[in-house]
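Asks: here is a sequence with its predicted model. Questions after.
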Amino acid sequence: MTRAGEIINDLSQTSPKVIAHMCRLMKNVSESDRTVIENRLRYEYETALYEGNITERLVTPLASLLASSTVVGVHVVLTRRGNSLIVYFLCSTVKALFKLGQMITSGFLHAVFAEIIEVLTRTTVDVDVYARADEFSHRLACLSFLQNKGRSFDKHLLIWKHWQEFIT
């Protein structure tokens, strides 16, 4: 996933087609236009992932995930692998945070990650996609203050990290 993300980030900075699609997304476009843009981005992403030597069976689910998340303003910023796969998303707006929640509850992320993990492990696996409720609620609480009086995510994350280090 990290390699795929790097390929797509490079593409987003160098491909005139992808840049044009991204610029269209910044305007107030209809849902049907967003769907068209998402399909076009998926095609461009698939092409780039094939050329970037990503495992062929991973290209379609990765392109689907990355195109869908790009259109709604959600970006994969970090993945960690161990006994489980942890994916950190960055939501650029409150709407993007809401859309990420929809991607989780609709089963979209489950389907994509199940396919990716099955390709990587070459076995059928149980996949559970969830957002930790306490983290999700905390971030929403930071956004629920009066206009221009919101709390800073960075400040709270810094406090949280130091508190976690203190108790462990």
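Replies: Looks like it arrived, so ask away.

Asks: so where's the longest helix in the protein?
Replies: Counting residues, the longest helix found in the chain (DSSP state H) is helix 31-51.

Asks: so for that helix, what gets flagged as buried?
Replies: Under the neighbour-count criterion of 16 or more other CB atoms under 10 Å, helix 31-51 has 37-38, 40-42, 44-46, 48-49 buried. (C-beta placed from N, C-alpha, C; glycine too.)

Asks: from the residues you listed, which single one is nearest residue 108?
Replies: Nearest to residue 108 among those is residue 38, at 12.0 Å by CB to CB.

Asks: ok, the closest one - contacts?
Replies: Residues near residue 38 by CB atoms under 8 Å, 6 or more residues apart in numbering: 67-68, 70-71.

Asks: mind checking how far the closest residue to residue 70 other than its chain neighbours is from residue 116?
Replies: Excluding its sequence neighbours, the residue lying closest to residue 70 (CB to CB, 6 or more residues apart in numbering) is residue 41, at 5.9 Å. Taking CB to CB, to the nearest Å as the measure, residue 41 falls 18 Å from residue 116.

Asks: how about residue 37?
Replies: Residue 37 is 23 Å from residue 116, by CB to CB.

Asks: tell me the domain ranges of this structure?
Replies: Here the domain parsing of the chain from automatic domain parsing is 2-131, 133-168.

Asks: looking at those, which one has the lowest mean pLDDT?
Replies: Among those, domain 133-168 carries the lowest mean pLDDT, at a mean of 51.

Asks: residues in contact with residue 79?
Replies: By CB under 8 Å, 6+ apart, the contact list for residue 79 reads 1-2, 5, 85-88.

Asks: list just the nearest of those residues to residue 56.
Replies: Looking across the contacts of residue 79 and measuring by CB to CB, the closest to residue 56 is residue 1, at 15.6 Å.

Asks: in which helix or strand does the residue nearest to the closest one when sequence neighbours are not counted reside?
Replies: Nearest non-adjacent residue to residue 1, counting by CB to CB, 6+ apart: residue 79, 4.7 Å away. According to DSSP states H and E, residue 79 maps onto strand 74-81.

Asks: and that strand, which strands flank it?
Replies: strand 85-91 (antiparallel) (DSSP bridges).

Asks: can I get the partner strand in CSV, CA atoms only?
Replies: Below are the C-alpha coordinates for strand 85-91, written out as CSV (Å, rounded to 0.1, in the frame of the first residue of the first chain):
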residue,chain,number,x,y,z
LEU,A,85,-2.8,-3.9,9.2
ILE,A,86,-3.4,-0.4,10.6
VAL,A,87,-4.2,2.3,8.1
TYR,A,88,-4.2,6.0,9.0
PHE,A,89,-6.4,8.3,7.0
LEU,A,90,-6.3,12.1,6.8
CYS,A,91,-9.6,13.8,6.2
